[in-house]
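J.: Based on what follows, work out the 3D shape:
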Amino acid sequence: MRRVWLPLLVILAAMASAQTASANTQVRTVNHVDDTFVDSGLCGFDITFHYVGSFTNTDFYDNTGFLYKTISTVGPGPFRGTATAKGTTLIDQNESFSDTLTYNRDGSVKTETANGPFNKFTAPGRGIVWLDTGHIILDGDGNILFVSGPRQNGDFTAFCAAFG
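T.: Numbers count the residues shown, from 1 in each chain. Presented below is the predicted three-dimensional model:
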C-alpha cells in the first residue's frame, strides 16, 4: 500500500536539524517552509508541489537528556500547499494537523501519530479530491497500527483526474 503524506516529508526534513537539550526539558522551534518539488510517480505525470507556511516542533527530553518525543503543529499562521500539472492547480490547506513522533533509545522512530487533515486537496468545481484526515498511528517501519477517519490508502484516482 502506498502511503503519502507530503507535508509530513517537509516536516521530517526540518526535524532532522533539531538541537539537543539539557535534561528534563522542552525545546520549541518554529520552522518556516517554502519548498517546491516534483513528483512523477503519483499520477504517472509530473506534478509540482509547493508548500509554504510555518509549523512548530516541541522536543521533549527526559532527565537523562534523551529525546523521547517530538510534537509538530501548524503555526504560527497557515500552512498551505499547491499541486500543479497540465495547467491546473489544486489547493491543499492544512490549518490544524499535528504529528507526534516517539523515539527508541537508539534515536530511531518508535511510533508516529498524525491527527487532523494532513492532505485536503480541492479542485475547482469538484471539491475535495484527496483527503487524509482523522487519526493514524504508525510503527517505526511505517506499518499502520491504528487508523480512523478518511484516508486515500493508495487510491489517487480523483486527485489525478482533477488535472484533466
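J.: Quick one: residues contacting the closest residue to Cys160 other than its chain neighbours.
T.: Nearest residue to Cys160, sequence neighbours excluded (C-beta to C-beta, 6 or more residues apart in numbering): Cys43, at 3.7 Å. Just so you know, the C-beta spots here come from the backbone N, C-alpha and C atoms, and that holds for glycine as well. Contacts for Cys43 (C-beta atoms under 8 Å, 6 or more residues apart in numbering) come out as 85, 156, 159-160, 163.
J.: Pull up the per-residue confidence for Ser17.
T.: Note on Ser17: pLDDT of 46.
J.: One more: Pro150?
T.: 75.
J.: what about it, how many neighbours?
T.: 13 (other C-beta atoms under 10 Å).
J.: didn't it look like it was pressed against Trp130?
T.: No. Between Pro150 and Trp130 there is no contact, the gap being 10.1 Å when judged by C-beta atoms under 8 Å.
J.: one step back: narrow the contacts of Cys43 to those in strands?
T.: Taking DSSP state E as the definition of strands, the contacts of Cys43 contribute Ala85.
J.: Could you work out the most separated pair of the contacts of Cys43?
T.: Ala85 and Phe156 (12.2 Å; C-beta to C-beta).
J.: Specify the local secondary structure of the residue nearest to Cys160.
T.: Each residue gets one of three states, and Cys43 gets coil by DSSP: H, G, I helix; E, B strand; the rest coil.
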